[in-house]
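Provided below for reference: sequence and predicted model.
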Amino acid sequence: MTELHTRTGFSFRVRPATAADGEALTAFFGQVSDEDRRFRFLSAVQALTQAQLSDLTRHEDQAHENYLALGEDGAILAVATLAADKRRETGEVAIAIRTDHKGRGIGWTLLDHVAQEAKGWGVKRLQSIESRENHAAIALEQEKGFTASPVEGEPTLMLLERTF
């Protein structure tokens, strides 16, 4: 488990998700706003499907990891997914933060952590696909050195990309 500190002074721990985290992840996404769930899954999601839950807790793949940001009480505050192609040249990141913990720097700090993990995997290009409506995530990623471009054939989406 890794301890991280945000620029606002907030501290949290990060560890990989496991199959035992299923119930906690279901509860976590119940504490994420409808809009943020839509931004995270790029579709309207009221509750996690079994397939989504499996993706968030799977551990058998060396090119896919889900990181849980945990508060002092062990509750999940945020979830970050890092998935790379088979050659580990390109990775994709997606982050969701519990509504009552937004604005504390968790997303900023968690993105740094995931970017470092991606570099450690040998990833050369880290990407995030965002809804054009997700101004906060786009701004945060641009502050972190990501460049934005349209997704061809998908006028509602933006591709944000950072190279190492």
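Yep, that arrived. Numbers count the residues shown, from 1 in each chain.

ok, the closest residue to R125 other than its chain neighbours to R162 distance?
Spatially, and ignoring its direct neighbours in sequence, R125 is nearest to T90 (4.7 Å; C-beta to C-beta, 6 or more residues apart in numbering). Every C-beta, even on glycine, is put in place using the N, C-alpha and C of the backbone. Distance, T90 to R162, by C-beta to C-beta, to the nearest Å: 11 Å.

what do these two both touch?
Common contacts of T90 and R162 (C-beta atoms under 8 Å, 6 or more residues apart in numbering): 125-127.

what's the longest helix in this structure?
helix 106-121 (DSSP state H).

buried set for it?
Residues 106-111, 113-115, 117-118, 121 are the ones in helix 106-121 that count as buried (16 or more other C-beta atoms under 10 Å).

now intersect the shared contacts of T90 and R162 with the strands, please.
Among the shared contacts of T90 and R162, the members falling in strands (DSSP state E) are 125-127.

and the residue most central in space within the chain, which helix or strand is it part of?
In the chain, the C-alpha nearest the mean C-alpha coordinate belongs to I95, at 2.0 Å (C-alpha atoms, centre = their mean). Using DSSP states H and E, I95 sits within strand 90-97.

that strand packs against which elements?
helix 34-41, strand 76-84, helix 106-121, strand 125-131 (3 or more C-beta pairs under 8 Å, 6 or more residues apart in numbering; DSSP states H and E).
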